[in-house]
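Visitor: task: produce atomic coordinates for the following.
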Amino acid sequence: MVHTTPTHHRKMPEATVIIVGAGPSGLAVAGCLSRLEIPYLLLEREDCFASLWKKYSYDRLHLHLQKQFCELPHMSFPSSCPTYVPKKQFIQYLDDYVAHFKISPMYQRIVESATYDEGSERWVVKTMNNDEGCGGEVEMFLGRFLVVATGEATNPYVPEIEGLSSFDGEVLHSTLFKSGVEFKNKNVLVVGSGNSGMEIALDLANHGARTSIIVRSPVHFLSKRMVYLALVLLRYLSISKVDALMVLLSKLVYGDLAKYGIARPKEGPFFMKIKYGKYPAIDVGTCSKIKSGEIQVLPTEIGSIRGNDVKLKNGKSYQFDSIVFCTGFKRSTHLWLKGDDYLLKEDGLPRPSFPNHWKGKNGLYCAGLSRRGLYGSSEDAQNIADDIKSSL
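Guide: Sure, this is the predicted structure:
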């Protein structure tokens, strides 16, 4: 019996395309390639596909856009799905997608490097196989094309805060939050005012937690219907006109939120989404909880923490039992993708602007990094598969 060691190398498996990441973007690329009968390998660091949805998302999560904007290529949602698909049914849709296109990811593969070899005109991808029984075995894969589909949400990010390690209560990132039910009657601080932060604050308040949320930057509040109207109008009108209408509707529906500690940005919601990747807050009930006082807005960031005492940068202090960080993610593509000075920046987002963001040089592509949600992932996947097909 041969015992492999962590440095043991197998014969390099080769495929036309190597896809890194089996989230919705990677699955979309795999589905499109399958349809065109183009061989691929799909590498995933977790033990399942769509791990952010299956393992790291809160229970009440729904797609914020109507289902027609969230379909993966070549497969619609069942007619029985509601307009705004809940987490459980979206996961079932992804399960059905994987089964339909016979997608078989290679799990527990942590990519350590991906380098383009000029001589063979192939991408050489080095992974650590953490699957049970493999003991961190090193594997090498060859591919003529490489697709980065690791997504916008890669590694959970918690900011460095003086004294955070001394906090006596529970500290968790939004990826580990499931439901507000376990926080009943507790003083909970939510850090971060994106859509996850707003919705987690609502869930906490609904379950009887005394909830505060830090909102240090101006925020646009839009309803789901406003967002749908905007997406339709953007086909016919300029962003500036659509933004002007959205701001007007937001003022009519939500009023002046400044007295509650929330300023409205000077730039329009969709301009900000395109320029900075900052999404408007799609309100699902948080705003009324803020107005009623059930959610307290703290309009400045944390200065320091000592025990249960959280001191803000405006000098005020509050006592909390738990802190939930909804502070987003950092991408790590720059740590393993070697020799690319064209497609991706150090923050893992595309350097070329939309709509040319998905194609690099030497057969390098990226999917789902255009900050355009599942609709953008679907478009990217179809463009990439068609481009690869035309190159063969």
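Visitor: number of nearby residues for Asn155?
Guide: By the criterion of other C-beta atoms under 10 Å, Asn155 has 12 neighbours. To be clear about C-beta, it is placed using only N, CA and C from the backbone, and glycine gets the same treatment.
Visitor: quick check on it: phi, psi?
Guide: Asn155 adopts backbone torsions of phi -110, psi 120, taken as degrees, to the nearest 10.
Visitor: show me what it is bridged to.
Guide: For Asn155, the beta-bridge partners are Lys330 (DSSP bridges).
Visitor: skipping adjacent residues, who's closest to Trp53 in space?
Guide: Leaving out its chain neighbours, the residue that sits closest to Trp53 by C-beta to C-beta, 6 or more residues apart in numbering is Ile91, at 5.5 Å.
Visitor: any idea of the pLDDT on the one you found?
Guide: Per-residue confidence (pLDDT) for Ile91: 98.
Visitor: can you pull out the strands in the stretch 51-200 of the chain?
Guide: Here the stretch 51-200 of the chain has its strands, by DSSP state E, counting those that start in this stretch, at 109-117, 122-129, 137-148, 155-156, 170-173, 187-191.
Visitor: where along the chain do the helices fall?
Guide: For the chain, applying DSSP state H gives helices covering 24-35, 51-54, 87-100, 195-206, 224-233, 239-254, 269-276, 286-292, 333-336, 373-391.
Visitor: next, format the ones you listed as CSV and append distance to Glu346.
Guide: Formatted as CSV, the helices of the chain follow (distance: least, C-beta to C-beta, whole Å):
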stretch, distance to Glu346
helix 24-35, 20
helix 51-54, 22
helix 87-100, 30
helix 195-206, 24
helix 224-233, 31
helix 239-254, 27
helix 269-276, 17
helix 286-292, 33
helix 333-336, 5
helix 373-391, 21
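Visitor: now these as TSV including distance to Ala367 and mean neighbour count?
Guide: Output for the helices of the chain, formatted as TSV (distance: least, C-beta to C-beta, whole Å; neighbours: other C-beta atoms under 10 Å):
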stretch	distance to Ala367	mean neighbour count
helix 24-35	4	26
helix 51-54	15	16
helix 87-100	15	16
helix 195-206	22	24
helix 224-233	21	17
helix 239-254	24	16
helix 269-276	19	17
helix 286-292	31	18
helix 333-336	12	16
helix 373-391	4	20
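Visitor: lowest average confidence across these, which one?
Guide: helix 269-276 (a mean of 89).
Visitor: count of neighbours near Ile323?
Guide: Neighbour tally, Ile323, other C-beta under 10 Å: 25.
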